[in-house]
Structures are given as C-alpha cells and as structure tokens.
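J.: A structural model of the following input is requested.
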Amino acid sequence: MRGRSTYDLPLLFCLTGVLVLLSGCIATSLQPRPQIASAIAEDARWQPLDLETATYRLRLYLPKERQPRRQIAVYIEGDGLAWIDQATPSSDPTPRDPIALRLATTHHAASAAYIARPCQYTLEADISRCQTAVWTNARYSEPVIAATSQAIDHIKSVFQAQEIVLVGYSGGGVVAALLAARRADISLLVTVAANLDTEFWTNHHGVSPLVGSLNPADFGDTLKQQRQLHFVGIDDEIVPVSVARSYALKIDKTLLRTIKTVQDAAHTCCWDELWPAIARDIVPPG
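T.: Numbers count the residues shown, from 1 in each chain. Here you go, the predicted model:
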C-alpha cells in the first residue's frame, strides 16, 4: 500500500468533526478554488458554461471541441466545502479540489462533460438562491436534483447524445443515483466513494439526518432495474463499503455484486491516479 499522501492528511481532522464529512476535506491549496478548476479544465481544453436552470445556476465544463456522440459520460461533483468545522457551515461550497472534474478530464475527455453542484463556482451570481441549506442538510433535495437533470438535458443537446453514462463522486454519487431513479436515458450509473444510503451513513457516524434531502436507498423500485457500478476505496473511513452494502441490501441483494472495492484508495486519495484503469471499460471511448 502506498504511503499517506497530502490528500489523506486532513481526513484525520474530518473524522474528528463528523458534520464536515464529505465536505471537500483535503489539503488547502494557496491557489483560489475557482482557479484550480479553471486550470484543470484548460489543461484538458475544456471551457466553462454557467447554465441557468429553473432552480439554480450551475457551472458546467465542456470540451472546447465537440462532436455528436450517441453516448457520453457526465460527471457530477462531490459536496465540496460544505462545512468549515463541526458546527460551522461554509460560506461557499466550491470544492478545494474538484475531484470529479479531475476524473472527467483524465480519461476519454472528448466524450465527457462535468456538472458542479449548486452554488459551487456560482455563489455570487446566484446569491439570492444560495442559502446554506443548499449545501448542508438539503444538499440532495428535489430542487437540486431538478437543476442537475436540466443540466444533463442541455449536455445531451450539445452532443446530440441519446444515452448517458452518469458518474458521481462522493455526494455527487447520491445525486447521480437519484437522477438515475427518474431518467430513462441513463445507460450506466457509476459512483465513486458515494454515500448511497444517506440514512445508514448519518447513523454510522452518529450525526443528524439530512433533513430535506432524498435518499437513493428509498428508490428501489426503479434503481433495481438500473445498470450500475459502485467503487469504494478500501481505506475510505468517511464512506466505508458498509454504506454501499446497505444501499444494495435495501434495494436488491443482487446489487451487492455491483460494489467494487479499490486498493490504494481512500475517500479523496487517489482516484485521479487510479481512474484511467478503472474507467477503461465503463466510459465511452473518445
């Protein structure tokens, strides 16, 4: 097993303040958070697009050069910097390190797109709708899911695509699963380090339930029909494999075989390094 990286170190702090779980707890960069995402996107020849939906303005990143494709991969970001400490919500949920964007631009980037979560990167432009609940207790609420679904519709129109491989990192995996429960165009649901059963997850860590949020484990009638794969880091203490197993058992025990544990991976480390090998067979070719 590789040594603990700089991505892993802050997890020790995160686990002492349970309310900051899934809140982008990684090493703080001296570079402003929006600039980090811009640099990742520019290196991949992607460009930003702020999309106005019925409920929120969402930041998207898309390849600068796009061609029509029958199927594309859409990546959804994690919860970002939701909490500063155990009792203090963040004033801006923009992630310190946009791991889903790194994954999206790492492999087959010409046939992928990225959706940030509400108020990430767009806080100032959407300040009237960006209440703290949007990235804390109501982070998986109906308005959040509706906005992300509209963003997927826009991406489909841009690529003239018919099907979506939907990939969600961390809390973005919860959003992805909730979208897969209501959309008929998701050919494959993929999650990475995702707290798929939010009730089990909050109970596991002894924190308050996510009042105002939806739980994918409650949508078994539709999700048991969905093709899906769920990757969990063997060293992930924030979202251990028991969370994915609880999700599967609540829906259909046959889904247990869709859970794949990954060596040398924790919650944030080191998915961008491991992703090309993992994604080779699941992301549409570029």
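J.: which stretches of the stretch 51-200 of the chain have low pLDDT?
T.: Across the stretch 51-200 of the chain, nothing is flagged by pLDDT under 70.
J.: 80 instead, please
T.: Scanning the stretch 51-200 of the chain for pLDDT under 80 picks out the ranges 86, 107-109.
J.: hey, where'd the strands end up in it?
T.: Ranges of strands in the stretch 51-200 of the chain, per DSSP state E, counting those that start in this stretch, are 57-63, 71-76, 83-85, 88-89, 112-115, 163-169, 186-192.
J.: pick out the residue nearest the middle of the protein.
T.: What sits nearest the mean C-alpha location of the chain, by Cα atoms, centre = their mean, is residue 172, with 2.3 Å.
J.: and that one, what does it touch?
T.: Residue 172 makes contact with 75-79, 100, 117, 194 under the criterion Cβ atoms under 8 Å, 6 or more residues apart in numbering. Heads up, the C-betas are built off the backbone N, CA and C, glycines and all.
J.: what do you get for residue 103?
T.: 75, 167, 169, 192, 271-272, 275, 279.
J.: quick check, nearest of these to residue 253?
T.: Proximity of those to residue 253, judged by Cβ to Cβ, is greatest for residue 192, which lies at 22.2 Å.
J.: surely residue 45 touches residue 65?
T.: Yes: with contact defined as Cβ atoms under 8 Å, residue 45 counts as touching residue 65 (6.9 Å).
J.: which residues touch the lengthiest helix in the chain?
T.: Among all segments of the chain classified by DSSP state H, the helix with the greatest residue count is helix 142-159. Taking contacts as Cβ under 8 Å, 6+ apart, the residues outside helix 142-159 that touch it are 51, 53-56, 58, 60, 62, 66-69, 72, 74, 76, 111, 113, 115, 117-118, 134, 138, 161-162, 164, 166, 175, 178-179, 182-183, 185, 214.
J.: could you do stretch 241-260 as well?
T.: Stretch 241-260 has contacts (Cβ under 8 Å, 6+ apart) with 191, 194-197, 200-201, 204, 216-217, 219-220, 223-224, 228-232, 234, 261.
J.: buried ones among the residues you listed?
T.: When the contacts of stretch 241-260 are checked for burial by 16 or more other Cβ atoms under 10 Å, the buried set is 191, 194-197, 200-201, 204, 216-217, 219-220, 223, 228-232.
J.: among those residues, name the ones in helices.
T.: Those of the buried ones among the contacts of stretch 241-260 lying in helices (DSSP H): 200-201, 204, 220, 223.
J.: what's the neighbour count on the residue nearest to residue 130 when sequence neighbours are not counted?
T.: Counting by Cβ to Cβ, 6 or more residues apart in numbering, residue 119 is the residue found nearest to residue 130 once chain neighbours are left out, at 4.0 Å. With neighbours defined by other Cβ atoms under 10 Å, the count for residue 119 comes to 27.
J.: do residue 254 as well
T.: The criterion is other Cβ under 10 Å. On that basis, residue 254 has 9 neighbouring residues.
J.: the one 3 residues further on too?
T.: Residue crowding around residue 257 was assessed by other Cβ under 10 Å; the count is 9.
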